[in-house]
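Trainee: with the sequence up front, the predicted model follows.
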Amino acid sequence: MANYCEGCGEDPVTHEMFKDPVTGKFVEHHFCANCPKAKGLVGHPGGGEPEIVHHVSVVRVTASGVGPCPGCGMTFAKFRESGRLGCASCYTHFEKTLGPLIARAQEGATHHIGKLPKRAISCASSPENKRSLMEVLGRAEERARKMAALRDQLHTALTSERYEQAALIRDQIEQLQSLYELPSEGQG
Amino acid sequence: MRQILDQTPAWLSGGGEHADVVLSSRVRLARNIAGFRFVGRADIQERRDVLNLVRKKLTNAGVASEDTKTGDACWLDVGAMNEYERDALSERQCISRQHAKGHKTSASEGPDPRAVIVQTRGESVSIMVNEEDHLRLRAVRPGLMLRDAFDEINAVDDRVEGVLEYAFSSRFGYLTACPTNVGTGIRVSVMLHLPALRVLGEIDRVKRAAADMSLALRGFWGEGSEADGDFYQLSNQTTLGKSEEVLLAELSGTIVPRVIEYERRAREKLMTQRREFTEDLVFRALGVLTHARRIGADEAMGKLSEVRLGVTLGLLGGPDVSTVNRLLLMVQQAHLQHAVGKALEPGERKSARAALLRQTLAG
């Protein structure tokens, strides 16, 4: 992460994400406020001026150690301020810092257990859908963690004599096991 | 829209299991569409794109209909509504207060592009488009019927997912703008009427029981509000790491029966140990509602709650529970204006509300 403007090399970075006016894509650059070189570097010839997507100070960025989300330009500092993420990519981009925060808010839970998008599952038998099935079910390590979490929940439900919940958790374990037996990339 | 405002939502019918204590059961799912920024981060054009895509896909799939007269579930453009219509939908809990308000837009941009799909008959299903998440699907039932509400909204969710790809990750599940909703995206809640616990000063017992189980207890009209008229909403806070079925069972199988039991015992105590006090409370409330010339919404809600208590205790021969439930909605500001058929100045509302109550309760 650059701390100083890539245009003049002297002032602290304030602008980091730009929206390319032609392609509409987000481009990451590190410029100080009003750097004359910013427009020339990012702007497309004849395509108008680039739109500055957001402004962040160097201090704020280094707080998470990660730059803005490539999907939407959201910074971690901005997320801390608003409590809302900007897009699906934020979850991957900020995963390291976000994971423990989510666990704290969710009684220690780190992985999703429950409903899965039906389309990925029902098309699992066709070869072109292998990837999406893997995306939905996760890789081996993630699958193991989910199974371990479910077994913990089953144990807790049984020891506290909540048999209705225990039966539901058992069903969930069986259902996941049968899904994990489906052929998909990234297994093992 | 008029057709909707003229009917009483099915969840206020007074039916369902344990209806003396449980007003309604509700389940909502938060979903976002893959490939778009979340609503709070998207510019107005992207929010319009989401709205148009959802409208096209869901009307083609028969989940929503453009025809408000014949369709089972109609598409209502919230952005194009006037303030009173939006408030009315919010009072009926078809949309949230936030959705009624919308996101800020500039004058040149026009209204915030947002909509709601409402099941025309009974309003048991609604889908908000472009609230905090692209889609917020909810089903609601009278009394304690969480399982039915879940089954219904789960089936709607499957139909929506058949035509729109949701943002989903293997680790975090259904991805939502706020990480406190991530995973299942589910909020399971029951609306409880707890007047006896309040009168006996025992509401803290419920609060403690809820906190012990990491559940939230809030006022009836949503997040952050105090309980108006002794109506409380009890809901799950955890959305990640437990399946929908387990979260549902945690609420409906453990704490809710306990709270119902607390409230019933408190009501019994009122009848056996404080009979005269209770009768006085109930008849005074009915007296105010049938004779007042000016009454505010908060006072009306409080008195209706006490009358509802009297009805469930068998102290009053009338009105019936469904009438009291209907009045809880009709005394709200936007519904009051709809009932009298014109916009009311702040000074006129109290007298119009008192007249409406006298008229309804006399008949």
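Mentor: Yep, that arrived.

Trainee: now B:Cys74: phi and psi?
Mentor: For B:Cys74, the backbone dihedrals (degrees, to the nearest 10) come out as phi -100, psi 150.

Trainee: wait, it touches B:Ile117, no?
Mentor: Yes: the pair B:Cys74 / B:Ile117 is scored as a contact, 7.0 Å apart, by Cβ atoms under 8 Å. All C-beta spots, glycine's among them, are computed from the backbone N, C-alpha and C.

Trainee: higher neighbour count, those two?
Mentor: Neighbour totals were compared for B:Cys74 and B:Ile117, and B:Ile117 leads with 26 against 20 (other Cβ atoms under 10 Å in any protein chain shown).

Trainee: would you agree that one falls within a strand?
Mentor: Yes: under the criterion used here (DSSP: H, G, I helix; E, B strand; the rest coil), B:Ile117 sits inside a strand.

Trainee: and it, how far is that from chain A?
Mentor: For B:Ile117, the distance to chain A equals 20 Å [Cβ to the nearest Cβ, to the nearest Å].

Trainee: show the low-confidence segments of the chain, by residue range.
Mentor: Using chain A here. Residues of chain A meeting the criterion pLDDT under 70: A:1-30, A:33-64, A:120, A:123-131, A:183-188.

Trainee: sorry, should have said chain B
Mentor: Along chain B, the model assigns pLDDT under 70 to residues B:68-71, B:220-227, B:363.

Trainee: show me whatever sits in contact with both of B:Cys74 and B:Ile117.
Mentor: With contacts defined as Cβ atoms under 8 Å, 6 or more residues apart in numbering or on different chains, the residues shared by B:Cys74 and B:Ile117 are B:Ala64.

Trainee: residues contacting stretch B:198-210, please?
Mentor: B:194, B:197, B:216-217, B:227, B:230, B:232, B:234, B:255, B:258-259, B:262, B:266, B:269-270, B:278, B:281.

Trainee: in the stretch 101-250 of chain B, which residue sits closest to chain A?
Mentor: Residue nearest to chain A within the stretch 101-250 of chain B: B:Gly241 (2.5 Å; Cβ to the nearest Cβ).

Trainee: using the three-state scheme, assign the residue lying closest to that residue once chain neighbours are set aside.
Mentor: Nearest residue to B:Gly241 in three dimensions, chain neighbours excluded: A:Ala109, at 2.5 Å (Cβ to Cβ, 6 or more residues apart in numbering or on different chains). What three-state DSSP gives for A:Ala109 is coil.

Trainee: picking that back up, can you get me a residue count around the residue of the stretch 101-250 of chain B closest to chain A?
Mentor: B:Gly241: 26 surrounding residues under other Cβ under 10 Å.

Trainee: anything in stretch B:178-190 near chain A?
Mentor: Yes: counting by Cβ under 8 Å from any Cβ of the partner chain, chain A has neighbours in stretch B:178-190: B:Cys178, B:Pro179, B:Thr180, B:Val182, B:Gly183, B:Thr184, B:Ile186.

Trainee: and the residue nearest to the third one when sequence neighbours are not counted, backbone torsions?
Mentor: Residue nearest to B:Thr180 in three dimensions, not counting chain neighbours: A:Ala105, with 5.3 Å by Cβ to Cβ, 6+ apart. When quoted as degrees, to the nearest 10, the phi and psi of A:Ala105 stand at phi -80, psi -20.

Trainee: you'd agree A:Ala105 is up against B:Asn181?
Mentor: No: in this structure A:Ala105 lies outside contact range of B:Asn181 using Cβ under 8 Å: 10.1 Å.

Trainee: measure whichever residue of the stretch 1-150 of chain B sits closest to chain A to A:Gly71 for me?
Mentor: Here the residue of the stretch 1-150 of chain B nearest chain A is B:Arg41; by Cβ to the nearest Cβ that distance is 3.5 Å. Separation of B:Arg41 from A:Gly71 (Cβ to Cβ, to the nearest Å) stands at 9 Å.

Trainee: which one's more surrounded, these two?
Mentor: Between B:Arg41 and A:Gly71, B:Arg41 has the larger neighbour count (other Cβ under 10 Å), namely 22 against 19.

Trainee: what ranges does the chain have for its strands?
Mentor: Since you didn't name a chain, this refers to chain A. A:15-19, A:26-31, A:51-55 (DSSP state E).

Trainee: the intended chain is chain B.
Mentor: Applying DSSP E to chain B gives strands spanning B:22-31, B:73-77, B:115-119, B:125-129, B:135-142, B:168-169, B:173-174, B:186-193, B:215-219, B:231-236.

Trainee: so which bits of stretch B:131-149 are buried?
Mentor: For stretch B:131-149, burial by neighbour count (16 or more other Cβ atoms under 10 Å in any protein chain shown) applies to B:131-146, B:148-149.

Trainee: near chain A, from these?
Mentor: B:Glu132.

Trainee: stretch B:4-18: end-to-end distance?
Mentor: Counting by Cα to Cα, to the nearest Å, you get 27 Å between the two ends of stretch B:4-18.

Trainee: name the residues of that stretch that are buried.
Mentor: Buried, per 16+ other Cβ under 10 Å, within stretch B:4-18: B:Ile4, B:Leu5, B:Thr8, B:Pro9, B:Ala10, B:Trp11, B:Leu12, B:Ser13, B:Gly14, B:Gly16, B:His18.

Trainee: hmm, back to that, PyMOL command to pick out the buried ones of the residues of stretch B:178-190 next to chain A?
Mentor: Remark: buried members of the residues of stretch B:178-190 next to chain A, expressed as a PyMOL selection using 16+ other Cβ under 10 Å:
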select buried, chain B and resi 178+179+182+183+184+186
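
Trainee: now do the contacts for the most centrally placed residue in chain B.
Mentor: Note on chain B: the residue nearest the mean C-alpha position is B:Gln93, at 3.8 Å, using Cα atoms, centre = their mean. By Cβ under 8 Å, 6+ apart, the contact set of B:Gln93 is B:Pro9, B:Arg26, B:Val140.

Trainee: rebuild those residues as a markdown table, extending it with distance to A:Ala166.
Mentor: As requested, the contacts of B:Gln93 are exported to a markdown table (distance: Cβ to Cβ, whole Å):
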| residue | distance to A:Ala166 |
| --- | --- |
| B:Pro9 | 36 |
| B:Arg26 | 26 |
| B:Val140 | 29 |
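
Trainee: so for the residue of the stretch 251-363 of chain B found nearest chain A, what's the nearest residue that isn't a sequence neighbour?
Mentor: Taking Cβ to the nearest Cβ, chain A has its nearest neighbour within the stretch 251-363 of chain B at B:Gly253, 5.6 Å off. Using Cβ to Cβ, 6+ apart and skipping the chain neighbours, the partner closest in space to B:Gly253 is A:Glu164 (5.6 Å).

Trainee: I'd like to know how far the one you found sits from B:Ser252.
Mentor: As judged by Cβ to Cβ, A:Glu164 and B:Ser252 stand 10 Å apart.

Trainee: show me which of the two is the more surrounded one.
Mentor: The neighbour count for A:Glu164 versus B:Ser252, taken as other Cβ under 10 Å, is higher for B:Ser252 (20 against 15).

Trainee: hang on, the more buried one packs against B:Leu144?
Mentor: Yes: using Cβ under 8 Å, B:Ser252 makes contact with B:Leu144 at a distance of 6.8 Å.
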